[in-house]
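J.: A predicted structure for the sequence below; I have some questions about it.
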Amino acid sequence: MVVYETPAIREHAMQFCERLAGECECTPVSEMIWWSFHFLALPAEASDAAQKAADADVVVFAMKAGGDLPHQIKLWIENWLNKRGEREGALVGLLAREGSHDIASFREIYLRHIARRAGMDYLSHAAPTASKAIPDSLDSFSERAGQVTSVLDGILHTYPHPAPIL
């Protein structure tokens, strides 16, 4: 299932899904279910889409990276999560960025939290060489664990080392 924000971003998502289907034995793009933000704001369509998303193995969010999600989309996501249960799957964030930003946007962080709550893997098309980790992720904790801060450096170089115990 693909949830998209604008027709232009839908085109980008179609290209992504075609490449993905070409690399693996996945569902063809023509068989995927496509829902726009506009339709998810309509009660009858939103209910149907929530059930389809609950049954889907993969849910792709194709949208702009900046700003907050519309309130109606957040409500739809909560409805979808309540129907999903404990099924495994993947949530994919296809976020259209303006310029090159190394820091995660609010929307990407939100999608990561949604994936965690749903028990799904979170996948992103962001380059694996991004220089900054997402706040409060395992990558950021690992990055910080390897850093020697000025306070720690001062402690290590100021105080004498204890004599070895024989």
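T.: In hand now; what should we look at?
J.: pLDDT-wise, which helix or strand of the protein ranks last?
T.: Among the helices and strands of the chain, helix 138-145 carries the lowest confidence by mean pLDDT, DSSP states H and E, at a mean of 57.
J.: for the strand or helix carrying K74, packing partners?
T.: Secondary-structure element containing K74, defined by DSSP states H and E: helix 71-84. Using 3 or more CB pairs under 8 Å, 6 or more residues apart in numbering; DSSP states H and E as the contact criterion, the neighbours of helix 71-84 among helices and strands are helix 37-40, helix 43-55, helix 106-118. Quick note: C-beta positions are derived from backbone N, CA and C, even for glycine.
J.: How about the contacts made by L111?
T.: For L111, the set of contacting residues under the criterion of CB atoms under 8 Å, 6 or more residues apart in numbering consists of 61, 91, 93, 122.
J.: What about those residues, which one has the most neighbours?
T.: Neighbour tally across those (other CB atoms under 10 Å): the maximum, 26 neighbours, falls on F61.
J.: Could you report the distance from V60 to G67?
T.: Computed with CB to CB, to the nearest Å, the distance linking V60 and G67 is 19 Å.
J.: Just want to know which of the two has more residues nearby.
T.: A count of neighbours by other CB under 10 Å puts V60 above the other of V60 and G67, at 23 against 10.
J.: And what about that one, helix, strand or coil?
T.: Reducing the assignment at V60 to three states with DSSP: H, G, I helix; E, B strand; the rest coil gives strand.
J.: A13 is in contact with that one, correct?
T.: Yes. With contacts counted by CB atoms under 8 Å, V60 reaches A13, the gap being 6.3 Å.
J.: got any residues that touch both of the two?
T.: Contact with both V60 and A13 is made by residues 2, 94, according to CB under 8 Å, 6+ apart.
J.: ok, so what distance separates F106 from D68?
T.: In this structure, F106 and D68 are separated by 6 Å, where distance is defined by CB to CB.
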